[in-house]
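Trainee: how does the following fold in three dimensions:
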Amino acid sequence: MIRVNIFVEGQTEETFVRELLYGYFQEKNIYLNPILVKTSTTRKGGVVSYAKIKPQLHRKCLEDKTAFVTTMFDMYALPNDFPGSGSGLKTSDPFQKAEHLEQEMGKDIGHDNFIPNLLVHEFEGLLYSNPQAFAAWFDESVASILQDERNAFPSPEHINDNPLTAPSKRIRNCCNGYDKPLHGSLLAIDIGLDTIRQECQHFNRWLLRLESIIPVL
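Mentor: Residues are numbered from 1 along each chain as shown. Take a look at the predicted model:
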């Protein structure tokens with residue numbers, strides 16, 4: 001069985017991997033192991049400093065070279081010390097930006113069993129794959145507002161990363177009581193992996209990459 005360690009930012013992403021991705025990949029003989037990044041000796045979660053994340057990725061890649069290591073980090077609000085963030089890349093294409101940052105992170109980690117990945121722009125963007133799912137947890141008016149916002153962009157992954165209008169900010173503005181650890185994974189489960197993959201091409205490309213892994217002998 002192929003083993004893939006997925007470093008995630010928080011409990012929501014950890015549950016997402018366990019509830020939506022684990023079973024799907026297990027059928028393909030690929031075992032996924034979500035790992036919460038450590039921000040200090042006592043705390044876990046969040047990418048507040050790349051300098052704190054890099055050693056964790058490096059050690060995991062060296063720990064077992066027959067296993068793979070990948071990431072599920074938000075591109076939104078990456079720390080300033082993230083590889084490629086200061087290179088002056090000028091593009092309005094979120095996919096080009098994500099690919100550039102992923103390539104730079106891959107070069108910085110420098111291991112063949114490392115697969116860099118960023119969510120465009122953040123986890124909540126995936127939830128815009130089907131805004132109607134919010135109606136069951138909030139109400140129809142919330143679903144309608146989110147659907148109108150989704151319709152204003154080419155895809156959920158194009159919803160911008162401005163501090164006031166990033167996907168998470170939009171959802172919190174209209175969903176009174178939205179709790180990411182509680183609602184995030186439940187909404188994703190209701191939406192379903194197939195729909196998310198159809199709507200979010202960069203996310204889907206990452207899953208295709210994992211599906212195409214060739215075991216290290």
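Trainee: pLDDT weak spots in this structure?
Mentor: Scanning the chain for pLDDT under 70 picks out the ranges 40-45, 87-88, 217.
Trainee: what's the longest helix in it?
Mentor: Counting residues, the longest helix found in the chain (DSSP state H) is helix 94-109.
Trainee: ok, and what's touching that one?
Mentor: 54, 57-58, 61, 71, 75, 78, 82-85, 87, 89, 91, 114-118, 120-121, 157-158, 161, 201-202 (CB atoms under 8 Å, 6 or more residues apart in numbering). C-beta coordinates here come from the backbone N, C-alpha and C atoms, glycine included.
Trainee: now, of the residues you listed, which are buried?
Mentor: 54, 57-58, 61, 71, 75, 78, 82-85, 114-118, 120-121, 157-158, 161, 202 (16 or more other CB atoms under 10 Å).
Trainee: in helices only, show me these.
Mentor: Secondary structure from DSSP H places 54, 57-58, 61, 202 of the buried ones among the contacts of helix 94-109 in helices.
Trainee: thinking again about what came up before, let's see which of the contacts of helix 94-109 end up in strands.
Mentor: Mapping these onto strands (DSSP state E) picks out 71, 114-115, 118.
Trainee: can I get these in a markdown table with distance to residue 139?
Mentor: Formatted as a markdown table, the ones in strands among the contacts of helix 94-109 follow (distance: CB to CB, whole Å):
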| residue | distance to residue 139 |
| --- | --- |
| 71 | 35 |
| 114 | 43 |
| 115 | 40 |
| 118 | 32 |
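Trainee: how does this structure divide into domains?
Mentor: The chain breaks down by automatic domain parsing into domains covering 2-120+200-211, 123-192.
Trainee: mind listing the helices for this protein?
Mentor: Using DSSP H, the helices of the chain run over 11-16, 22-26, 50-63, 94-109, 123-127, 140-151, 167-174, 185-191, 193-199, 201-211.
Trainee: max pairwise distance over the ones in strands among the contacts of helix 94-109: which two?
Mentor: 114 and 118 (13.5 Å; CB to CB).
Trainee: pretty sure residue 161 sits against residue 122.
Mentor: Yes: Residue 161 lies in contact with residue 122 (CB atoms under 8 Å); the separation is 7.5 Å.
Trainee: overlap of the contact sets of the two?
Mentor: Here residue 161 and residue 122 have 75-77 as joint contacts, going by CB under 8 Å, 6+ apart.
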